[in-house]
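Chemist: build me a model:
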Amino acid sequence: MSSELKLTGAAGGNIILQGNDTITTDQTFTFPDTAGTFDRLERAGNILQVVYGSTGVKVTVSTTTYTPIGLQASITPTSTSSKILLLVSVQYQVQQAAESAGHGTRVKRDSTVIKTPIQGGDGPYEVWLRATSSTDVNYYNSLNYQILDTPSTTSSITYSVEGAGYVSGTTVNYQSQGNTQDQVSTITLIEVAG
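Modeler: Numbering: from 1, shown residues only. Below you'll find the model as predicted:
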């Protein structure tokens, strides 16, 4: 049977120190001295939880309309004052039978768009490439960015990434690195106490 020490506050609340009955040696709990402090998990700036999502499934987008690329992750904030820091890394290959090509990605919180790349021409050009000759564009790389979101909820939310080409005729292969092996795109959600 475990033992406990209960400190009763003037307003009726209790602080309970409870010993585990499986402890076989003395345990010491040291309170901080006057220079120390107790920290609360909910103190602004503390990291409360981390959620990681990834996909290595190739998704081809050949349109200027935003299309899900299979990258998403869900999190349930512990407080309405929390912020969610998103770390996004998208692997891609962009192709165009012309001297220039481009694409872009946007991020949604459930159905709400929280990040949209710069637009021009027929579509986004978060990444824009122009060849030095009339040869076709065939380029692969990773697109990395961070977003600080304030969802103001304690309900489960899903962040997802969508991609689109810059102009008609552009083909973007997400989670692909050309003729080499397919790559993994990632999304990390970090809940930060507000």
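Chemist: quick one: low-confidence parts of this protein?
Modeler: For the chain, applying pLDDT under 70 flags the ranges 1-2, 29-40, 99, 121, 131-135, 177-182.
Chemist: quick one: end-to-end length of stretch 52-61, please.
Modeler: End-to-end distance of stretch 52-61 (C-alpha to C-alpha, to the nearest Å): 24 Å.
Chemist: do stretch 173-183 as well
Modeler: For stretch 173-183, the end-to-end distance is 10 Å (C-alpha to C-alpha).
Chemist: from the contact counts, what lies against whichever strand or helix holds V88?
Modeler: V88 belongs to strand 83-96 when assigned by DSSP states H and E. Other helices and strands packing on strand 83-96, by 3 or more C-beta pairs under 8 Å, 6 or more residues apart in numbering; DSSP states H and E, are strand 67-75, strand 100-109, strand 127-130, strand 137-149, strand 157-165, strand 171-174, strand 185-192. Every C-beta, even on glycine, is put in place using the N, C-alpha and C of the backbone.
Chemist: what's the fifth one packed up against?
Modeler: I take that to be strand 157-165. Using 3+ C-beta pairs under 8 Å, 6+ apart: strand 157-165 touches strand 59-61, strand 67-75, strand 83-96, strand 100-109, strand 123-124, strand 171-174, strand 185-192.
Chemist: and T22, which of the ones you listed is closest to it?
Modeler: Taking C-beta to C-beta, strand 185-192 is the member of the helices and strands packed on strand 157-165 nearest to T22, at 31.8 Å.
Chemist: check the gap between the nearest residue to T76 once chain neighbours are set aside and T188 for me.
Modeler: Once flanking residues are discounted, T76 sits nearest to S156: 4.5 Å by C-beta to C-beta, 6 or more residues apart in numbering. Between S156 and T188 the computed distance is 17 Å (C-beta to C-beta, to the nearest Å).
Chemist: these two: which is more packed in?
Modeler: Applying other C-beta atoms under 10 Å to S156 and T188 shows that T188 carries more neighbours, namely 16 against 10.
Chemist: hey, what's that one bridged with?
Modeler: Y52, L87 (DSSP bridges).
Chemist: thinking again about what came up before, show me the contacts for the residue nearest to T76.
Modeler: Applying C-beta atoms under 8 Å, 6 or more residues apart in numbering to S156 gives the contacts 74-76.
Chemist: and for I75?
Modeler: Per C-beta under 8 Å, 6+ apart, neighbours of I75: 49, 51, 84, 156-157, 159, 189, 191.
Chemist: ok, which pair from the residues you listed is furthest apart?
Modeler: Between all members of the contacts of I75, the farthest pair (by C-beta to C-beta) comes out as Q49 and Y159, at 13.9 Å.
Chemist: between these two, which one's more packed in?
Modeler: Y159 (25 against 14).
Chemist: I'd say that one and T112 touch.
Modeler: No: counting by C-beta atoms under 8 Å, Y159 does not reach T112; the two are 10.2 Å apart.
Chemist: roughly how far is stretch 107-124 from the heart of the chain?
Modeler: 16 Å (C-alpha atoms, centre = their mean, to the nearest Å).
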